[in-house]
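# with the input below, show me the fold.
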Amino acid sequence: MASIQYHMMMTYYKVMKKVRKRVELDPIRLRLYMGIISSFNAPFVPRKVSQIKLGEVPTDKIDFLEDSPLILFFIHGGAFAFGSAKMHHAMASRLSQQLKAPAYIPAYRQAPEHAFPMPLNDCYHAYHELIRLYPDKKIVVIGDSAGGNLAASLCLKLTENKSKIPESLVLLSPWLDLDRNAESVLKNADDESLFDCNDLMAYAQLYVQGQDTTDPLVSPLRGNLSFMPRTLVQVAANELLYYDGLRFAEKLQENGVDVKLEVEQNLFHSWQLVPAFLPAAKRSLNNVASFIQAAQ
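You can find the predicted model right below:
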């Protein structure tokens with residue numbers, strides 16, 4: 001049975017869909033809107049937040065001042081064009097506290113002003129700086145939605161360059177195939193999302209701007225996944241990007257990679273972002289923490 005909070009969120013989505021039919025929300029307006037929304041999703045745990053730079057990339061560091069062998073590297077979603085580190089503070093703070101590990105959230109450059117490969121390169125340089133600063137620590141990369149794309153693409157780019165890959169990878173409602181023939185575009189056009197298939201294609205083009213959408217660094221589902229780290233994929237069966245997460249997990253398994261797939265029912269895209277509001281988000285983040293701890 002779906003929770004009261006789920007029904008409230010679905011009501012919110014339906015209202016916002018009606019608004020979107022009347023008001024064009026370009027990436028700039030969406031960034032402002034998401035900034036306002038994130039203020040209502042503040043963490044309810046005490047923590048230290050500092051703004052630093054990793055490889056010249058502005059980064060939010062969330063720290064509980066614990067000496068940990070582990071580092072969490074979050075890559076936020078937002079269709080490559082909006083979203084922010086602040087929007088992910090609630091989720092990152094909860095996991096940081098549970099795992100007693102610092103969390104780093106890079107503010108990578110966004111489309112359309114900064115198209116592929118700039119956002120990916122920012123994540124790559126920030127990650128490499130962490131390796132340089134903490135060569136003996138284990139790093140877990142976590143990404144949701146477009147951040148899941150960048151997280152998986154980061155692992156492919158690291159493998160290409162013979163660099164150290166993360167200890168583990170966590171993908172939350174990931175967007176892993178940006179091609180117009182992607183299975184999620186063709187099959188799962190659900191009505192429980194603020195965005196639809198046309199939005200996927202529009203934001204994909206803002207990101208790639210004419211480049212090949214079958215490039216594995218653009219659509220990591222189409223890449224060689226043989227050398228990926230152990231991976232957790234969480235996705236909702238009714239969300240728009242269900243098939244991206246499902247097929248990625250299947251392909252990892254076919255390539256002999258240690259993978260765990262968690263499919264939820266009656267949940268919305270990137271539900272893990274609101275642990276203070278949604279019991280299912282707390283449960284899913286507990287599962288993420290358990291997955292990460294199992295490798296320690």
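# in the stretch 151-296 of the chain, which spans are strands?
For the stretch 151-296 of the chain, applying DSSP state E, counting those that start in this stretch gives strands covering 168-172, 230-236, 259-264.
# possible to save those strands as JSON lines with mean pLDDT and mean neighbour count?
Every C-beta, even on glycine, is put in place using the N, C-alpha and C of the backbone. Converted to JSON lines, the strands of the stretch 151-296 of the chain look like this (pLDDT from 0 to 100; neighbours: other CB atoms under 10 Å):
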{"stretch": "strand 168-172", "mean pLDDT": "98", "mean neighbour count": "27"}
{"stretch": "strand 230-236", "mean pLDDT": "97", "mean neighbour count": "24"}
{"stretch": "strand 259-264", "mean pLDDT": "97", "mean neighbour count": "18"}
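# contacting residues around residue 102?
61-64, 66, 68, 71-72, 96 (CB atoms under 8 Å, 6 or more residues apart in numbering).
# ok, now which ones touch the spatially most central residue of the chain?
Centroid-nearest residue in the chain, with CA atoms, centre = their mean: residue 144, separated by 1.6 Å. Applying CB under 8 Å, 6+ apart to residue 144 gives the contacts 76-77, 88, 171-174, 270, 272-273.
# among these, which ones are buried?
76-77, 88, 171-174, 270, 272-273 (16 or more other CB atoms under 10 Å).
# of the residues you listed, which is the nearest to residue 227?
Distance to residue 227, by CB to CB, is smallest for residue 171 among the buried ones among the contacts of residue 144, at 16.1 Å.
# my read is that that closest one contacts residue 248, right?
Yes: assessed by CB atoms under 8 Å, residue 171 is found in contact with residue 248 at 7.1 Å.
# need the overlap of contacts for those two.
By CB under 8 Å, 6+ apart, the residues touching both residue 171 and residue 248 are 152, 233.
# possible to save the strands of the stretch 151-296 of the chain as JSON lines with distance to residue 158?
JSON lines is the format used below for those (distance: least, CB to CB, whole Å):
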{"stretch": "strand 168-172", "distance to residue 158": "11"}
{"stretch": "strand 230-236", "distance to residue 158": "14"}
{"stretch": "strand 259-264", "distance to residue 158": "18"}
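# right, so of those, which gets closest to residue 217?
Going by CB to CB, the one of the strands of the stretch 151-296 of the chain nearest residue 217 is strand 168-172, 15.4 Å.
# so what secondary structure elements neighbour the closest one?
For strand 168-172, the packing partners by 3 or more CB pairs under 8 Å, 6 or more residues apart in numbering; DSSP states H and E come out as strand 138-144, helix 146-160, strand 230-236, helix 279-293.
# now render those as TSV, adding distance to residue 209.
Formatted as TSV, those follow (distance: least, CB to CB, whole Å):
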stretch	distance to residue 209
strand 138-144	21
helix 146-160	15
strand 230-236	27
helix 279-293	33
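# residue 112 is nearest to which of the ones you listed?
Judged by CB to CB, the one of those that comes nearest to residue 112 is helix 146-160, at 13.4 Å.
# can you mark which positions in that closest one are buried?
Neighbour counts over helix 146-160 (16+ other CB under 10 Å) mark 146-159 as buried.
# and which of these is nearest residue 109?
Each of the buried residues of helix 146-160 was scored against residue 109 by CB to CB, and residue 150 proved nearest at 11.5 Å.
# any weak-confidence spans in this protein?
The chain contains residues with pLDDT under 70 at 1-47, 188-195.
# which residue ranges form the helices in it?
Per DSSP state H, the chain carries helices over the ranges 4-22, 27-39, 89-99, 118-133, 146-160, 183-187, 197-208, 242-254, 279-293.
# ok so, going back, please name the nearest non-neighbouring residue to the residue nearest to the centre of the chain.
residue 172 (3.9 Å; CB to CB, 6 or more residues apart in numbering).
# partner residues bridging that neighbour?
Residue 172 forms beta bridges with residue 144, residue 234, as assigned by DSSP bridges.
# and it, what is it in contact with?
Contacts of residue 172 by CB under 8 Å, 6+ apart are 142-145, 148, 234-235, 270, 272, 284, 288.
# now swap in residue 263 and tell me
235-237, 242, 245-246.
# gap between it and residue 129?
Residue 263 sits 35 Å away from residue 129, going by CB to CB, to the nearest Å.
# ok, now residue 220?
Here residue 220 is placed at a distance of 22 Å from residue 129 (CB to CB).
# do residue 109 as well
Counting by CB to CB, the gap from residue 109 to residue 129 is 16 Å.
# picking up where we left off before, by neighbours, which of the contacts of residue 102 wins?
Most neighbours among the contacts of residue 102, by other CB atoms under 10 Å: residue 96, with 28 neighbours.
# thanks a lot, see you next time.
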